[in-house]
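# Below are the sequence and a predicted model; questions follow.
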Amino acid sequence: MAVLTKVKPTAETLFHIQWDWFRRNHVDTEVLLREQLCAECRQALDEGKLMGEVDWIDPDTGEVFRMDAVREAILSHCRWKPEYISATTPLITAVFRTLLANNNCPLSAHELAQRLTRWDPETILTVLSRGDVKWGITPTNGE
Ligand SMILES: [Zn+2]
């Protein structure tokens, strides 16, 4: 039997959203993603306007991603709204939304703290690594 060594995460450890975690924990990602939408997009979703899959072009790399319309709305619209991450957004929600806005490209606590200036890297790292996995946010090397 293989010995599982769990490396203690540091401020440079990269974290991402592990979508599989939601499936295993029976959390409906559609409901969760809906909650991250701005009021306008939430209404569009309820009216059946955010359906199916669309192309999203990464403005930085020009890479084209095929994704569902809800994720595309978050990337191209909601994340630019001031309320996407506001002064009252809880840390874990803010980290989740930052990763979503980053198309789930892994970020370290250090990088997260540069984007979420309300918290220092140590605080973010402590919340992410203490106790149970929250919102599927796990180290990229920790699977
Ligand atoms: Zn929106």
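Arrived safely, thanks for sending.

# C-alpha from now on. contacts and neighbour counts both.
OK.

# Enumerate the residues of the chain near the ion.
For the chain, the residues in contact with the ion under the definition Cα under 5 Å from the ion are 38, 41, 77, 78.

# which helices and strands sit right next to the helix or strand where residue 21 lies?
Taking DSSP states H and E as the definition, one finds residue 21 inside helix 19-24. With contacts defined as 3 or more Cα pairs under 8 Å, 6 or more residues apart in numbering; DSSP states H and E, helix 19-24 has no packing partner among the helices and strands.

# contacting residues around that helix?
Counting by Cα atoms under 8 Å, 6 or more residues apart in numbering, helix 19-24 makes contact with 28, 29, 135, 136, all of which sit outside it.

# for residue 40, what are its contacts?
For residue 40, no residue meets the contact criterion (Cα under 8 Å, 6+ apart).

# Go through the helix or strand harbouring it and flag the buried ones.
With secondary structure defined by DSSP H and E, residue 40 is part of helix 39-46. Under the neighbour-count criterion of 16 or more other Cα atoms under 10 Å, helix 39-46 has 41, 42, 44, 45 buried.

# Over to residue 119: give its phi and psi.
Residue 119 adopts backbone torsions of phi -130, psi 150, taken as degrees, to the nearest 10.

# And the residue lying closest to it once chain neighbours are set aside, its phi and psi?
Taking Cα to Cα, 6 or more residues apart in numbering, and ignoring the residues beside it in sequence, residue 119 has residue 113 as its nearest neighbour in space, at 5.9 Å. Residue 113 adopts backbone torsions of phi -70, psi -30, taken as degrees, to the nearest 10.
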